Structure formats: C-alpha cells, structure tokens
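Peer 1: here's my sequence, what's the structure:
(one chain, ligands or ions: 1)
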Amino acid sequence: MALFAQATYATTTVLITGANRGIGLEFAKQYAERGYTVIATARKPEKATALKDLQSKHGAQNIFIEQLDVTDFAAIDALAEKYKDQAIDILINNAGITGNPPETQVFGEIDYAVFNKVMQVNALAPLKMTEAFINQVESSEQKKIITVSSSMGSIEKTFGSGYFYRASKTASNMMMYSLAKDYSLKFKKRGIIIGMVNPGPTDTDMMKAMKERGAKLRSTELATRQMISNIDGLTIKTSGSFLQYDGTILPW
Ligand code: NDP
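Peer 2: Numbering: from 1, shown residues only. Sure thing, here's the model as predicted:
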C-alpha cells in the first residue's frame, strides 16, 4: 500500500471539476492518455458511466473519481484535506452552468435565485477551489491553476444577452487575473501560474440548444486538445492570460 501511494505521488497530477461529461470528461481522457494521474470530480459519481469506463481503461490507480458539488464549500475543504499530501500539478476549474431556462435572464423578469446559482458555480467555486488546493498546487512541478472561461465573459466582445453567464465568467476572470497579479499574496514568487482558457463553441450538452438552431460547434476532442496545448505553454511570465483556443489573447 505504501509503495502504491509513493508511485501515485511520483506522477504528474491533474484535478478536474465537472469531469463526468462534456469538456471536463475530455480533459480527463486526454490527460489520462498522457499518463497523468487524474483526480476527476463529479456531482454524481454513481451516474458517471463514461468516467467509470475511462477509469476501467486506465486503472483505478491512475484515475480517482471523487464526489463533489462545487457549491458545497465544506465538501471542497474535505476533498482538499483528503489530498493534502498530494502534489497537484494542474487544477482545472471546469464545472460550469449557463443558468437555465433562458427566460430567467429576460430583463424585467430576472430570476435572481438562478443568477445566484450561476455565480456560485462559475465565479465563487473557482476561487474557493484555488484557496483550498493552493498548497497542493504549490508543492507540484507545474503549479498551474486553470479556469475554463468563455469569450462571453469578455466585456469588449459582448453583444448582450446571457447576463448571468457573462457576468459570472467576467467575475471569475477578474479574480484569477487579480490573483496572478497579487503581490501581497506573492503568487508569482510562489511560482503559481494562473490561466483562463476558452474552448470556443464546443459540442457539449451546454450547447445543445445552439446546435439545434444550427450553430457550428467544435468537437470536444479538438477544443480540449487546443486548451491543453495552451495550458502547456503557460509560464510564470504569461500567468494571468485569458487565452483563446488558438493561443491568441482574448480582450477583457
Ligand atoms: P456541460 O454542460 O456539458 O458540462 C458541465 C459540467 O459541469 C458537468 O460535468 C456538470 O455536472 C458540471 N457541474 C455543473 N454544476 C456543477 C456543480 N454545482 N458542481 C460540480 N459540477 C457541476 O458543459 P461544458 O462541458 O460545455 O462546459 C465545461 C466548461 O466550459 C464550463 O465552465 C463552460 O462554461 C465552459 N465553456 C463551454 C463552452 C461550450 O461551447 N461548450 C464555451 C465556453 C466555455 P453534472 O453532470 O452533475 O451536471
């Protein structure tokens, strides 16, 4: 058992939230194929069949499936405690929601409870995950904290609508950028690299309605491969970047 644990610590490790489907699942798949140890979280692991299949393929010593609702901060703390001695090279804040149904975001009929939920998942949770796992990231080789953002969080690029989602991604971008710059916390001195990555319009459940309306979507395989390439390229000098899938910088 001790030998097994040592072998686990020797590998490169990635922790991914919302890894049971969509882009999170594809991150788990591609990092596992690279030989990383993957800590994959899911709200309902018992229903995460694709993730369990991936675990069967790569082995339970390489893919750990953990139950986590990212709005449950006590659960985040408990997970961080469980992995307190585990170096985590890359933390990927992937879990996200848009705020459904869209009618909840119609001006004049705003549903603030839905807005609150979107903020909790997309904005508060990435910060809480960062707080909880900062030491594990700092003790790793790569020291990267990544948030899956969106061009919808770009103020310059907005064309209106989708208020909750846009605001939550903008807020998360601001927090992550500020952390990257924060001299009082000395993130740079600690060698911690922060990045925000945009997959572009990608063929997942989140984009189902858009797909039905004829939107051209990118495959999860391509979108994730490009984000991983951008994560690979991030350095302490480029920490705080908001990266488009093609590697260019998105405007705030
Ligand atoms: P999906 O809707 O396919 O998957 C969302 C994932 O987030 C699921 O695993 C879901 O779990 C999880 N999740 C939702 N709420 C919570 C919660 N409270 N706690 C833990 N996990 C939760 O979306 P995508 O894969 O497309 O999105 C992944 C990320 O990419 C998101 O941050 C999204 O904003 C971003 N993005 C996506 C784009 C796209 O075109 N698809 C474009 C730009 C950004 P469950 O199955 O339990 O609901």
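Peer 1: tell me which parts of the stretch 1-150 of the chain are close to the ligand?
Peer 2: Contact residues (Cβ under 6 Å from any ligand atom) of the stretch 1-150 of the chain with the ligand: 17-18, 20-24, 43-44, 68-71, 94-97, 121, 148, 150. All C-beta spots, glycine's among them, are computed from the backbone N, C-alpha and C.
Peer 1: tell me the average confidence for stretch 140-153?
Peer 2: Stretch 140-153 carries an average pLDDT of 97.
Peer 1: same question but for stretch 69-76, I mixed them up
Peer 2: The average pLDDT within stretch 69-76 is 98.
Peer 1: quick one: end-to-end length of it, please.
Peer 2: One end of stretch 69-76 to the other measures 8 Å (Cα to Cα, to the nearest Å).
Peer 1: which parts of it are buried?
Peer 2: Within stretch 69-76, the residues that qualify as buried are D69, V70, T71, D72, F73, A75, I76, counting by 16 or more other Cβ atoms under 10 Å.
Peer 1: what sits against K44?
Peer 2: N20, Q67 (Cβ atoms under 8 Å, 6 or more residues apart in numbering).
Peer 1: separation between it and A80?
Peer 2: Computed as Cβ to Cβ, to the nearest Å, the K44 to A80 distance reads 21 Å.
Peer 1: what does K144 give?
Peer 2: The gap separating K144 from A80 is 17 Å, by Cβ to Cβ.
Peer 1: picking that back up, reformat the buried residues of stretch 69-76 as JSON lines; add secondary structure.
Peer 2: Listed next are those as JSON lines, based on DSSP: H, G, I helix; E, B strand; the rest coil:
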{"residue": "D69", "secondary structure": "coil"}
{"residue": "V70", "secondary structure": "coil"}
{"residue": "T71", "secondary structure": "coil"}
{"residue": "D72", "secondary structure": "coil"}
{"residue": "F73", "secondary structure": "helix"}
{"residue": "A75", "secondary structure": "helix"}
{"residue": "I76", "secondary structure": "helix"}
